[in-house]
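J.: the following comprises the amino acid sequence and a computationally predicted model.
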Amino acid sequence: MNDEKDINAFKKAMIGVTPLKHEKRVENNKRPKARARYSRADEKDVLHESLESSLIQRDAIEQHGEEIAYCHPSLPQRTFKKLRRGFFSIEAETDLHGLTAAEAKIHLQEFIEESRTQRLGCVRVIHGKGIRSGPDGPVLKGLVQLWLSQWEDVLAFASTRARHGGSGAVYVLLRSRK
């Protein structure tokens with residue numbers, strides 16, 4: 001029954017409408033040639049922008065000797081102090097020792113995402129002290145602090161107390177899942 005009503009309503013709406021003639025229709029069988037969306041100049045702009053944003057993020061990171069810390073502006077300083085003092089219980093941890101930088105980033109991203117899925121508040125990331133890194137110092141430590149400061153899921157991080165790894169690990173306070 002609905003179909004009949006719909007058909008009748010359509011016919012009423014089409015009263016006075018004349019169909020197009022077939023010979024005046026344009027058929028376009030040719031597809032436009034593929035073009036790159038970005039040029040080399042765009043690539044340079046993107047690279048420059050990413051480097052610039054990395055520098056801005058690094059400015060927000062506190063570094064005192066071997067200890068590192070970062071606090072998102074929305075986090076109360078009282079809560080940040082509690083994190084630095086090791087007040088929160090560590091609900092999960094991951095160890096990045098022995099991983100390449102690329103492997104460490106993927107592993108850390110997955111760990112943070114899984115921790116948020118499980119609604120965890122405070123986790124520990126062990127990046128190591130870089131004892132075997134040579135004269136350039138710890139590689140993963142610098143990368144971990146950069147990555148964590150750029151991810152929206154992270155509210156703050158701080159080097160752990162000596163009993164939890166000292167300057168070779170960080171407490172990470174995660175944004176609560178809505």
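T.: Now that the structure is in, tell me what you want to look at.

J.: ok, and for stretch 144-158, which residues are buried?
T.: Judged by neighbour count (16 or more other C-beta atoms under 10 Å), stretch 144-158 contains these buried residues: Val144, Gln145, Trp147, Leu148, Ser149, Val154, Leu155, Ala156, Phe157, Ala158. The way it works is simple: take the backbone N, C-alpha and C, and place the C-beta from them, glycine included.

J.: need these in JSON lines (columns: secondary structure and pLDDT).
T.: Below are these laid out as JSON lines (DSSP: H, G, I helix; E, B strand; the rest coil; pLDDT from 0 to 100):
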{"residue": "Val144", "secondary structure": "helix", "pLDDT": "91"}
{"residue": "Gln145", "secondary structure": "helix", "pLDDT": "88"}
{"residue": "Trp147", "secondary structure": "helix", "pLDDT": "93"}
{"residue": "Leu148", "secondary structure": "helix", "pLDDT": "93"}
{"residue": "Ser149", "secondary structure": "helix", "pLDDT": "91"}
{"residue": "Val154", "secondary structure": "strand", "pLDDT": "93"}
{"residue": "Leu155", "secondary structure": "strand", "pLDDT": "92"}
{"residue": "Ala156", "secondary structure": "strand", "pLDDT": "94"}
{"residue": "Phe157", "secondary structure": "strand", "pLDDT": "94"}
{"residue": "Ala158", "secondary structure": "strand", "pLDDT": "92"}
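
J.: among these, which one sits closest to His72?
T.: For the buried residues of stretch 144-158, the residue nearest His72 by C-beta to C-beta is Leu155; the value is 4.8 Å.

J.: ok, now how distant is that closest one from Thr79?
T.: According to C-beta to C-beta, to the nearest Å, Leu155 stands 8 Å off from Thr79.
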